[in-house]
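Asks: model this:
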Amino acid sequence: MAKTVMIERSGGSEVMALCELDIGAPDPGEVRIAHKTCGLNFIDIYQRSGLYPLELPHALGMEAAGVIEAVGAGVNHLKPGDRAAYAATPPGAYAEARVMPAAQVCQLPDGISFDEAAAMMLKGMTVEYLFHRTTPIAKGDTVLFHAAAGGVGLIACQWARSEGITLIGTAGTDEKCALALAHGATHCINYQTEDWAAQVQELTQGQGVDVVMDAVGADTFEGSLDSLKPLGMMISFGNASGPVRPFNLAVLAQKGSLKITRPTLFAHINDRATCQDMADHLFSKVLSGDVKIRIDQRFPLQDVRAAHDALEARRTTGSTVLEI
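Replies: Alright, predicted model coming up:
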């Protein structure tokens, strides 16, 4: 039996309940993993609220780290006793232990703690595909990154600095802006007190940025398009303020033949070899010291409702983890 956070209906944080589940043994292609730490991400809120519908009842959580307890037939890259971490579907990471597909579960290097791994797999591999697998970004290019003091944002700030990329961040308080700057952002704009789109134009001498990386959604979409240079790329990868409203594609032509994409991490990591390559790239950034994983909030698993409330209200910085 394993304590697992479940929902039977969509809604606010109150719909989550801690249940006891019999998890059993792994089938072929699966592993059983005992979790040490679980990660918290906005996608968990989207799934809990029904924005990203699940077939209910369902467990929640998309990333965790722990120790492999058993492997099913055909699993060759892991064995019992291995330290491991993952970001993967289906949801179910908010648990003491689970049985799950093995393909996206990666062996964890000894130099990375369980807490760090649980805080970085989804966020860090998201940053990896944003900078390396979505559109060409080279040393000297300029990126606008919204929510630069969040878990993904602080990794992105450091990643950009390590590769000579200018990153202009936005955040909701002066303290969050200072945090982004301390982690490698070249500039950071307080969107509560400044016209951030106008500031981006001023910082780029009216040229605009090469790429926008936007997980905020509805609140920032139009300003993000206005911040791009001609032929620039808009990467919309989240909806923290709500989904982007329908728009006329001709707007992209009017604003300079802009490009736009809505990628997901799970399309990238669907292939096991690609998933491992992305994880190895992330591990190398962390082990080299180029990227340090900042965990600013810790909650016991039974306090998952409070953790969701804090993240949803944007009261968090860096990463948040659930401790088993």
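Asks: only C-alpha atoms from now on, for both contacts and neighbour counts.
Replies: Fine.
Asks: what sits against Trp196?
Replies: 170, 189-190 (CA atoms under 8 Å, 6 or more residues apart in numbering).
Asks: so how far is the helix or strand that contains Leu144 from its chain's centroid?
Replies: Under the criterion of DSSP states H and E, Leu144 resides in strand 142-145. Chain-centre distance of strand 142-145: 17 Å, with CA atoms, centre = their mean, to the nearest Å.
Asks: do the same with stretch 290-309
Replies: Averaging C-alpha positions (CA atoms, centre = their mean) puts stretch 290-309 13 Å from its chain's average.
Asks: return the set of buried residues in it.
Replies: Going by neighbour count (16 or more other CA atoms under 10 Å), the buried part of stretch 290-309 is 290-295, 297-299, 301-302, 304-305, 307-309.
Asks: ok, so of these, who is nearest Gln254?
Replies: Nearest to Gln254, judged by CA to CA, of the buried residues of stretch 290-309 is Val291 at 38.2 Å.
Asks: which other helices and strands does the very next helix or strand once past the strand holding Leu144 contact?
Replies: Remark: after strand 142-145, the chain's next helix or strand is helix 151-162, criterion DSSP H and E. Helix 151-162 makes packing contacts with helix 114-132, strand 166-171, helix 174-182, strand 319-323 when contacts are defined by 3 or more CA pairs under 8 Å, 6 or more residues apart in numbering; DSSP states H and E.
Asks: and Pro91, which of these is closest to it?
Replies: Pro91 lies closest to helix 114-132 among the helices and strands packed on helix 151-162, at 12.3 Å (CA to CA).
Asks: which residues touch that closest one?
Replies: Residues contacting helix 114-132 (CA under 8 Å, 6+ apart): 36-40, 62-66, 85-87, 108, 137, 151-152, 155-156, 159, 213, 235, 265, 268, 278-279, 281-282, 293-295, 319-321.
Asks: check which residues of it are buried.
Replies: Neighbour-count burial for helix 114-132, counted by 16+ other CA under 10 Å, picks out 114-131.
Asks: where does pLDDT dip in the stretch 1-150 of the chain?
Replies: Confidence mapping of the stretch 1-150 of the chain against pLDDT under 70 gives zero matching residues.
Asks: which stretches of it form strands?
Replies: Secondary structure of the stretch 1-150 of the chain (DSSP state E, counting those that start in this stretch): strands at 2-7, 16-21, 30-39, 58-59, 63-71, 83-87, 97-101, 105-107, 142-145.
Asks: hang on, the earlier thing: closest to Glu14 out of the helices and strands packed on helix 151-162?
Replies: In terms of CA to CA, the element of the helices and strands packed on helix 151-162 nearest to Glu14 is strand 319-323, at 16.9 Å.
Asks: elements contacting the closest one?
Replies: Identification of packing neighbours for strand 319-323 by 3+ CA pairs under 8 Å, 6+ apart yields strand 30-39, helix 114-132, helix 151-162, strand 295-300.
Asks: many thanks, I have nothing further to ask.
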